[in-house]
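[1] Sequence first, predicted model second:
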2 protein chains.
Amino acid sequence: MSKIGNPEYPIHELILQRWSPYAFSDRPVSNEDLRSLFEAARWAASSYNEQPWHFLVIRKENTDVFDRALNCLVEGNRGWAKNVPVLVFTAISETFARNGKPNAAAEHDLGLAMGNLSLEATARGLSIHQMIGVLPAQIQGTFEIPESVKPLTAFAVGYAAIPELLPDDMRDQETAPRTRKPISDFVFEQSWGERGDLPD
Amino acid sequence: MSKIGNPEYPIHELILQRWSPYAFSDRPVSNEDLRSLFEAARWAASSYNEQPWHFLVIRKENTDVFDRALNCLVEGNRGWAKNVPVLVFTAISETFARNGKPNAAAEHDLGLAMGNLSLEATARGLSIHQMIGVLPAQIQGTFEIPESVKPLTAFAVGYAAIPELLPDDMRDQETAPRTRKPISDFVFEQSWGERGDLPD
């Protein structure tokens, strides 16, 4: 299954092909692919090239650790995430390593790295599903993450599977068309609320 | 000029080709390209599909507005940014439109949208340079941005130019190789600090 977006203007096919499935097959993800996902994240831009991102990889075959990882997700994410072959927790350093000052771009720059990672996944036929629905204190304690590092999200990595495996409510969401606000809702020109020359 | 990264593991060429120049040519950016950049941003994932991002486009040819925009950047960014054909301010809604609750993923999700946008730019031969060095209160006041929306970054859009046009210190930075931490510094497995099976 794939869900191609329906764009107003032409964009690169990898951006259109990316989507976030809930149904993952049990096909394992190779170390080769995982390395390239993190390599893609590595080359993202970041404020002062700080690279504030951290990743913690949990594999389903390590059942004890995987169960502890599932308990770090909010209830609503455990049902589908228990089937994914790889779970990754993300975290950020909130201060610059070189001077200890706050890094106002840390969360944003993790997002940039995840943008790269998700497109690399798409290029490899893999899917990821990101979750903000995690229990940060639980992650911090379970995996003994230092106080200086803040857990933020988790994501599943694997191969999208047929949505028939999902419970009813999730199956409807899985097969619904992808929707987005029109550009005119979120791009202004010259001053706030002005549409400018961009709409054609 | 281009600056290809030197990856440890293979990744998609668009991710490798992307970099952030300071020297921009005065070649204008077409509306067609700008539309596709925001279209790319539009299709990013976001928490609850909130799409919390906003963009305000300022063109150099509108000199009065452009001057006011330059005054919304920190001093260190004005010198090079005064030459770019298009400046864009980014902002986020910090609460969900549907229920007014805080959106803990808003900054992160703007980063995801910027990841898409910067890869679309690379695919079109354009470059962007993102800045966290902005004056948020100045942006908010100058462009009458509603209180519910928080300015976060700015970015330049244009075509990279020859670095000879830059002052000495920026020229050195512009022509230096791109560097990144090794993956083993920021990817752990099973528990914090463990390298696991990923390094080959």
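    Arrived safely, thanks for sending.
[2] Tell me the first helix or strand C-terminal of the biggest helix by length in chain A.
    Counting by DSSP state H, the longest helix found in chain A is helix A:106-123. As assigned by DSSP states H and E, the chain's next helix or strand after helix A:106-123 is strand A:127-131.
[3] Sheet-wise, list the partners of that following strand with their directions.
    strand A:149-158 (antiparallel) (DSSP bridges).
[4] Now do the strand it pairs with and helix B:106-123, the angle between them.
    60 degrees (axes from the mean of the first three to the mean of the last three Cα atoms, to 10 degrees).
[5] and the next element down the chain from strand A:149-158?
    Using DSSP H and E, the first helix or strand after strand A:149-158 is helix A:168-175.
[6] Outside of that next one itself, list whatever touches it.
    A:1, A:21-23, A:79-80, A:163-164, A:166 (Cβ atoms under 8 Å, 6 or more residues apart in numbering or on different chains). For glycine as for every other residue, the C-beta is placed from the backbone atoms N, C-alpha and C.
[7] Export those residues as a markdown table, with columns for distance to residue A:149, pLDDT and neighbour count.
    As requested, these are exported to a markdown table (distance: Cβ to Cβ, whole Å; pLDDT from 0 to 100; neighbours: other Cβ atoms under 10 Å in any protein chain shown):
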| residue | distance to residue A:149 | pLDDT | neighbour count |
| --- | --- | --- | --- |
| A:1 | 36 | 60 | 13 |
| A:21 | 29 | 93 | 23 |
| A:22 | 28 | 93 | 23 |
| A:23 | 32 | 93 | 22 |
| A:79 | 28 | 93 | 14 |
| A:80 | 27 | 94 | 21 |
| A:163 | 36 | 80 | 16 |
| A:164 | 40 | 79 | 10 |
| A:166 | 33 | 82 | 20 |
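[8] nearest to chain B, of those?
    residue A:21 (11.4 Å; Cβ to the nearest Cβ).
[9] hang on, isn't the closest one packed against residue A:130?
    No - using Cβ atoms under 8 Å, residue A:21 is not in contact with residue A:130; the gap is 11.6 Å.
[10] Pairing partners for the residue nearest in space to the middle of chain A in the sheet, please.
    Central residue of chain A (Cα atoms, centre = their mean): residue A:130, 3.4 Å from the mean position. Beta-bridge pairing for residue A:130 (DSSP bridges): residue A:155.
[11] Let me see the contact set for it.
    Contact analysis of residue A:130 by Cβ under 8 Å, 6+ apart lists A:20, A:114, A:118, A:153-155, B:45.
[12] do that again at 10 Å, thanks
    Contact analysis of residue A:130 by Cβ atoms under 10 Å, 6 or more residues apart in numbering or on different chains lists A:20, A:88, A:90, A:111, A:114, A:117-118, A:153-156, B:45-47, B:105, B:108-109, B:112.
[13] So it versus residue A:154, what's the distance?
    According to Cβ to Cβ, to the nearest Å, residue A:130 stands 8 Å off from residue A:154.
[14] do residue A:136 as well
    From residue A:136 across to residue A:154, the span is 10 Å (Cβ to Cβ).
[15] With residue A:64 instead?
    Residue A:64 is 18 Å from residue A:154, by Cβ to Cβ.
[16] tell me the contacts of residue A:21?
    A:1-3, A:80, A:84, A:127-129, A:156, A:158-161, A:163, A:166, A:170, A:174 are the contacts of residue A:21 under Cβ under 10 Å, 6+ apart.
[17] thinking again about what came up before, who has more neighbours, residue A:136 and residue A:154?
    More crowded of residue A:136 and residue A:154, by other Cβ atoms under 10 Å in any protein chain shown: residue A:154, with 26 against 16.
[18] immediately after the helix or strand of chain A with the lowest mean pLDDT, which helix or strand?
    None of the helices or strands of chain A scores lower by mean pLDDT, DSSP states H and E than helix A:168-175, at a mean of 84. Next helix or strand after helix A:168-175 toward the C-terminus (DSSP H and E): strand A:187-189.
[19] so how far is that following strand off the chain centroid?
    Its chain's average C-alpha position is 27 Å from that of strand A:187-189, according to Cα atoms, centre = their mean, to the nearest Å.
[20] how deep is the nearest residue to residue A:135 once chain neighbours are set aside tucked in, by neighbour count?
    Spatial nearest neighbour of residue A:135, excluding adjacent residues (Cβ to Cβ, 6 or more residues apart in numbering or on different chains): residue A:72 at 5.3 Å. Look at residue A:72: counted by other Cβ under 10 Å, it has 23 neighbours.
[21] Residue A:72 contacts residue A:151, doesn't it?
    Yes - at 8.2 Å, residue A:72 counts as touching residue A:151 under the criterion of Cβ atoms under 10 Å.
[22] Common neighbours of the two, please.
    Between them, residue A:72 and residue A:151 have A:89, A:134-140, A:142-143 as joint contacts when contacts are counted by Cβ under 10 Å, 6+ apart.
[23] who wins for neighbours among those residues?
    residue A:89 (27 neighbours).
[24] Which residues does that residue form beta bridges with?
    Listed by DSSP bridges, the beta-bridge partners for residue A:89 are residue A:56, residue A:154.
[25] Please enumerate the shared neighbours of residue A:136 and residue A:154.
    Contacts common to residue A:136 and residue A:154, judged by Cβ under 10 Å, 6+ apart, are A:72, A:89.
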